[in-house]
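Undergrad: A predicted structure for the sequence below; I have some questions about it.
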Number of protein chains: 2
Amino acid sequence: MLAPPCSDAPKPGCVWNKLTRLHPFDQALALEPQGDGVLLGQATPAWANMVGPFGGITAATVVRAIMDHAQCLGTPLSLTVNYAAGIALGPYHLHLSVARTNRSTQHWTFEIHQAQADGTQACVLTGTALTAARRSTWGANDLPMPRVRPPHEVPVVQMPRMVEWFSRYEMRSLGGPLPQIWDGQESPLPPESASTSCLWVRDSAGRALDYPAIAAYADIFFPRVWLRRAKHVPAGTVSMTVYFHADAQQFTQVGAGYLLAQARGQVFRDGFFDQSGYLWSEAGTMLATTHQLVYFKE
Amino acid sequence: MLAPPCSDAPKPGCVWNKLTRLHPFDQALALEPQGDGVLLGQATPAWANMVGPFGGITAATVVRAIMDHAQCLGTPLSLTVNYAAGIALGPYHLHLSVARTNRSTQHWTFEIHQAQADGTQACVLTGTALTAARRSTWGANDLPMPRVRPPHEVPVVQMPRMVEWFSRYEMRSLGGPLPQIWDGQESPLPPESASTSCLWVRDSAGRALDYPAIAAYADIFFPRVWLRRAKHVPAGTVSMTVYFHADAQQFTQVGAGYLLAQARGQVFRDGFFDQSGYLWSEAGTMLATTHQLVYFKE
């Protein structure tokens, strides 16, 4: 397991950012070109989830790969990743293609393949993405940040040591925390808050915000069905979409600071539910919206 | 242009459903297998939008193709389509593949290619989808239907004859209609309603609801930026995701009845905005949630 290089006191200008020794996040995102649009990646224990790596780190890796591609036009605009199977810790191959390049938008398709126990290669992830060369236009935010207490007034959540990736983030819960008692009692709250969580979150190793980091933050919400039912049923994301609204100027403003993250479950039925999530900077700028379809049992 | 066969008085049991002469919707969805997972389709004038066909009909065509595929497991669960370029009216090729089949879920990838003026083939659409064999589980709806007047108390919108596909639907506006006066005055409403539309909608030719129809309904909302600004700027969907929550029993209950459709813009910035939409049956069952990223100018 990797020790976060500056986990004691995360600082926006953390010296490790400038050294060759990478943050755990960037270590996980490293890919080795194999030619023909194929990149060799590695699912590492530092980001382990129940089964395979945290979905957010895989999404972030794809975003990194797109941005590093020689033909990349502009910056990430949207991303959809479909988790077709649990990725095993160890090597995998990312197949990345440009499907279409327009004047100001570009369309990407990708798959991750991994060797199986029987020696065959299997598809474990599919997805599409868009990048765009953005132009300044009229703007508005119809999803203003909720009024909440500032991060320093909210205690840090002592996360259960269920999964390793929890340690990569510092979370401060403002409502809808991971249940402390799994008694199977359904939430008595009204529909608008029964499956809603709100929290301050930042990278526990002080890494500054960028597009790959946003893709990972989009997946930090634990399954809404756990909150809704106080029941620890098997659950996992099958599809996630992220719409990126941030730009370089906002990344500079945020640095390694806190994001306000809010998620809400929508419909739970026949083994699947969907949730919508929102990420604001501490200053109240909407950075990204995200949606998931999640499998659950029972 | 096709005349809707029973547009005067749409009826759930409309005789045309059972005849070989198809509804305009099913005519548009017809595909001819070309072998090797390639299907020949036709973008028709009956569903014409400003540029090319209505995005919803293209999404519906992909859903139909997946459901008709010999290896299809279960029913549609999620769909993401990326509109890479305007599809010209006329023939196109849908390339559809199964990327992975699990015990109860299946992952699909697809692209649409079309011949260009210079004779080359170009990718005009990319996407992914999931189908699933659903099992009965615990369920809940955290997005109950808003309380609104029933359809018969709400007047039918006299749609401007801007685009042909408008005629394929009957809409009854409950709020946030297409602006009557394009005076460029920004909405004075608070953020939660400034870009929100709510309406009753049904197929004007009386076609019964199914998964392809839901994919099309997901795209019926006019660009939120028009409502927000009362300004008719160029705008078009670049990516749409649909999460299907309905099943055959609900389709039977709805028949050719009304859906309640609601959409809200979220963030408008640098030439793009996102919106979230919801579709309920008249009885209040949540049928689908949907999200879009939309391009706009100025």
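TA: Cool, the structure landed.
Undergrad: Against A:S197, how distant is the most centrally placed residue in chain A?
TA: The residue lying closest to the centre of chain A (C-alpha atoms, centre = their mean) is A:A216, at 2.1 Å. Going from A:A216 to A:S197 by C-beta to C-beta, to the nearest Å gives 17 Å. Bear in mind the C-beta positions are built from the backbone N, C-alpha and C, glycine included.
Undergrad: CA atoms only for stretch A:47-59 - export them in CSV, please.
TA: In CSV, the C-alpha atoms belonging to stretch A:47-59 read as follows (Å, rounded to 0.1, in the frame of the first residue of the first chain):
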residue,chain,number,x,y,z
TRP,A,47,-7.5,2.4,-4.8
ALA,A,48,-9.1,-1.0,-4.0
ASN,A,49,-12.9,-1.2,-3.6
MET,A,50,-14.9,-4.3,-2.5
VAL,A,51,-14.2,-5.9,-5.9
GLY,A,52,-11.4,-4.4,-8.0
PRO,A,53,-10.5,-0.7,-8.0
PHE,A,54,-12.7,2.2,-7.1
GLY,A,55,-14.8,3.0,-10.2
GLY,A,56,-13.8,6.7,-9.9
ILE,A,57,-10.2,5.9,-10.4
THR,A,58,-10.9,4.0,-13.6
ALA,A,59,-13.0,6.8,-14.9
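Undergrad: Next, the buried residues of the helix ranked longest in chain A.
TA: Looking across chain A with DSSP state H, the single longest helix is helix A:55-68. By neighbour count on 16 or more other C-beta atoms under 10 Å in any protein chain shown, the buried set for helix A:55-68 is A:55-66.
Undergrad: helix, strand or coil for A:T128?
TA: Here A:T128 takes the strand state, with states given by DSSP: H, G, I helix; E, B strand; the rest coil.
Undergrad: Tell me how many other residues crowd the closest residue to A:H232 other than its chain neighbours.
TA: Nearest in space to A:H232, with sequence neighbours left out and distances taken as C-beta to C-beta, 6 or more residues apart in numbering or on different chains, is A:W182 at 5.0 Å. Neighbours of A:W182 under the rule other C-beta atoms under 10 Å in any protein chain shown: 13.
Undergrad: Repeat that for the one 5 residues further on.
TA: By the measure other C-beta under 10 Å, the count of residues near A:S187 is 19.
Undergrad: does it really touch A:A230, like I thought?
TA: Yes - when contacts are counted by C-beta atoms under 8 Å, A:S187 is listed as touching A:A230 (7.5 Å).
Undergrad: ok, the residue nearest to A:H232 - contacts?
TA: Contacts were defined as C-beta atoms under 8 Å, 6 or more residues apart in numbering or on different chains; by that measure A:W182 touches A:230-232.
Undergrad: just A:N49 next, same as before
TA: The contact partners of A:N49, by C-beta under 8 Å, 6+ apart, come to A:55, A:163-165.
Undergrad: at 7 Å instead, please
TA: Each residue near A:N49 by C-beta atoms under 7 Å, 6 or more residues apart in numbering or on different chains is listed here: A:163, A:165.
Undergrad: Show me where chain A dips below the pLDDT cut-off.
TA: Scanning chain A with the threshold set as pLDDT under 70 gives A:1-21.
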